[in-house]
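Participant: Provided below are the primary sequence and the corresponding predicted coordinates.
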Amino acid sequence: MKRIIAAAAIAAMLPMASMAQNTQEVVGRLTLLKSFPVQNMTVTSTVTGNTAKSNADGVFRLQTVDKDVLKVECSPFKNVNYKVRLGKVDTIRIEMTFPRKATYLTEIMDKGYLAPEYEPDAFGALTFQKDFSKYNDIDQAISLELPGVQIEGSDCYKLPGNMGYMLLVVGNTVVSTIQDIPTSNIEDIMVIKGGQAAVYGVQGANGVLVIKIKNTDNELIKRD
């Protein structure tokens with residue numbers, strides 16, 4: 001009888017041990033209208049039970065497992081169920097929406113889900129520009145705006161799972177360094193990869209880190 005109980009206890013522990021071995025930290029970001037970071041929101045793993053709260057940049061870090069479902073449930077936003085596929089994405093991006101066309105501006109401001117600098121009139125106009133001048137340098141901006149990008153040294157940026165470094169593009173020009181760019185001059189920072197990076201040829205095989213500069217035409221792609 002004791003042997004049967006012991007075997008049952010071991011069998012019950014095996015799934016937990018397997019889950020612990022496969023647990024991995026994922027980095028995610030909550031946004032509203034694709035530009036506004038949503039802060040103070042709790043993200044919950046339905047498998048591990050772990051929780052994390054988004055910071056002022058909308059970023060959260062959470063221990064999870066493959067095929068886990070992350071839940072974000074907080075009024076007045078619509079509930080979100082996000083299925084995790086480890087190894088398929090670099091950074092989880094969750095777009096928060098409202099259940100109806102109403103924007104609930106007063107409520108989300110009162111509850112502190114948007115930082116105080118995002119005033120309702122600017123919010124409603126949909127012309128919000130990210131303020132990169134708050135960062136000390138471009139590496140700090142990249143680490144906080146693109147938490148999935150690994151910084152391995154000056155001008156050395158890599159996507160998880162890639163052996164080589166990303167191609168650097170400023171405006172519409174391929175460059176060798178971005179360290180001398182004042183953060184106050186940056187309009188946006190983005191990553192292009194996969195099929196979208198094919199326009200850059202072999203140079204874009206490991207992804208492209210694009211820095212958009214204010215008042216710069218970005219329609220053409222030039223190479224040094």
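Facilitator: Yes, it's here. Residues are numbered from 1 along each chain as shown.

Participant: tell me the domain ranges of this structure?
Facilitator: 19-125, 133-213 (automatic domain parsing).

Participant: Compare the mean pLDDT across those domains and name the weakest.
Facilitator: Lowest mean pLDDT of the domains of the chain: domain 19-125, a mean of 80.

Participant: returning to what we had before: turn the domains of the chain into CSV, including mean neighbour count.
Facilitator: Heads up, the C-betas are built off the backbone N, CA and C, glycines and all. Listed next are these as CSV, based on neighbours: other Cβ atoms under 10 Å:
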stretch, mean neighbour count
domain 19-125, 16
domain 133-213, 16
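
Participant: just the helices in this structure please.
Facilitator: Secondary structure of the chain (DSSP state H): helices at 2-22, 105-110, 120-125, 138-145.

Participant: contacts for stretch 151-171?
Facilitator: 87, 90, 139, 142-143, 148-150, 174-179, 181, 191, 193, 197, 200, 203-213, 216-218, 221 (Cβ atoms under 8 Å, 6 or more residues apart in numbering).

Participant: for stretch 44-52, same thing?
Facilitator: Against stretch 44-52 from outside (Cβ under 8 Å, 6+ apart): 19, 23, 42-43, 60-65, 68-73.

Participant: Return the subset of those residues lying in strands.
Facilitator: Residues of the contacts of stretch 44-52 located in strands (DSSP state E): 42, 43, 60, 61, 62, 63, 64, 69, 70, 71, 72.

Participant: tell me the strands in this structure, going along the chain?
Facilitator: Counting by DSSP E, the strands of the chain are 24-32, 36-37, 42-45, 51-53, 59-64, 69-72, 80-83, 92-96, 150-151, 157-158, 167-170, 173-175, 186-192, 208-213.

Participant: which one of those lies closest to residue 134?
Facilitator: strand 186-192 (10.9 Å; Cβ to Cβ).

Participant: now, which of the contacts of stretch 44-52 sits nearest residue 112?
Facilitator: Residue 112 lies nearest to residue 42 out of those, by Cβ to Cβ, at 12.7 Å.

Participant: ok, now which ones touch the closest residue to residue 145 other than its chain neighbours?
Facilitator: Nearest residue to residue 145, sequence neighbours excluded (Cβ to Cβ, 6 or more residues apart in numbering): residue 189, at 5.3 Å. Applying Cβ under 8 Å, 6+ apart, we find residue 189 in contact with 132, 141, 142, 145, 146, 209, 210, 211, 212.

Participant: Leaving out chain neighbours, which residue sits closest to residue 86?
Facilitator: residue 66 (4.3 Å).

Participant: The one you found and residue 47: what is the separation?
Facilitator: 9 Å (Cβ to Cβ, to the nearest Å).

Participant: what's the answer for residue 95, then?
Facilitator: 22 Å.

Participant: Show me what residue 81 is bridged to.
Facilitator: Per DSSP bridges, the residues bridged to residue 81 are residue 71.

Participant: pretty sure it is touching residue 68, no?
Facilitator: No: checked against Cβ atoms under 8 Å, the pair residue 81 and residue 68 is beyond contact range at 10.6 Å.
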